[in-house]
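*Asks:* Okay, sequence plus prediction incoming.
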Amino acid sequence: MPDHLTVVRHPLVQHKLTLMRDKNTASAGFRRLLREISHLLAYEVTRDLKVATTTIETPLQEMESPILAGKKLALISILRAGNGLLEGILDLIPSARVGFVGLYRDEETLQPVQYYFKVPEGLNDRVVIVVDPMLATGNSSVAAIDLLKKAGATNIRFLCLLAAPDGVDRMREAHPDVPVVTAAVDEKLNDHGYIVPGLGDAGDRMFGTK
């Protein structure tokens, strides 16, 4: 497995992913499962956050206790499907700053087209976690990270639900300094650039659109 890639094989993650892959899982169930699985994946992508200590008083005595250090994290959602992961992570880190990158994939060229970009200030001093359920060709993810680096981000992590080998390779070639955390690396991409066996289009599954 590439050094920059972490596959979270926790039984709860894999169980929920199986339910999400099932074509009979309705949109409401898919959204709920995506939020739940994002909690579990968030533990992995934030595992090495820096901590400091602070003095508090418990009901029994004063003590030094760990607390997150540095500026608040920045969570960046690649629209629209990234919002499903974003909401779950915000449950755990409600103080995080939030940004959005709007990209859609040209169905003929499979290349990303930008239509929106709004991110927090001070990215150079923040841990930046980019979220998108699918790392397929990798083109949109690479383009989003290109934009974030231009905006000053230097400590970036990428979190997705599913990846294809093509996307993993593309990310490693373009951004070897960006670790990737995912629940599974599937077999391949089909001729339309979709992950196989995959779970279909994450945005359509979330919002009931086609």
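*Replies:* Noted; the coordinates are in hand. Numbers count the residues shown, from 1 in each chain.
*Asks:* quick one, longest strand in the chain?
*Replies:* The strand that spans the most residues within the chain, counting by DSSP state E, is strand 97-105.
*Asks:* How about Q14, nearest residue that isn't a chain neighbour?
*Replies:* A183 (7.1 Å; Cβ to Cβ, 6 or more residues apart in numbering). All C-beta atoms are positioned from the backbone trio N, CA, C, and that covers glycine.
*Asks:* and if you look at R21?
*Replies:* According to Cβ to Cβ, 6+ apart, the nearest residue to R21 is L199 (4.5 Å).
*Asks:* now swap in F30 and tell me
*Replies:* Per Cβ to Cβ, 6+ apart, closest to F30 is R205, 4.8 Å.
*Asks:* and that neighbour, what does it touch?
*Replies:* By Cβ atoms under 8 Å, 6 or more residues apart in numbering, the contact list for R205 reads 20, 25, 27, 30, 199.
*Asks:* Could I get the buried residue list for the worst-scoring helix or strand of the chain on mean pLDDT?
*Replies:* When the helices and strands of the chain are scored by mean pLDDT, DSSP states H and E, helix 202-207 comes last with a mean of 87. Buried residues in helix 202-207, counted by 16 or more other Cβ atoms under 10 Å: 202-203, 205-207.
*Asks:* for it, the distance to its chain's centre please.
*Replies:* How far helix 202-207 lies from its chain's middle: 16 Å, per Cα atoms, centre = their mean, to the nearest Å.
*Asks:* Over to stretch 96-109?
*Replies:* Per Cα atoms, centre = their mean, the centroid offset for stretch 96-109 relative to its chain is 12 Å.
*Asks:* What are the contacting residues of it?
*Replies:* 72-79, 82, 86, 89-90, 111-120, 126, 130, 137, 139-140, 143-144, 147-148, 192-193.
*Asks:* Just the buried residues of that stretch, please?
*Replies:* Buried positions in stretch 96-109, judged by neighbour count with 16+ other Cβ under 10 Å: 96-103.
*Asks:* got the contact list for stretch 31-45?
*Replies:* Residues contacting stretch 31-45 (Cβ under 8 Å, 6+ apart): 6, 8, 10, 12-13, 16-17, 19-20, 25, 84-89, 91-93, 129, 131, 133, 157, 159, 161, 181-183, 202, 206.
*Asks:* Could you pick out the buried ones from the residues you listed?
*Replies:* 6, 8, 13, 16-17, 19-20, 25, 84-89, 93, 129, 131, 133, 157, 159, 161, 181-183, 202, 206.
*Asks:* All good on my end, thank you.
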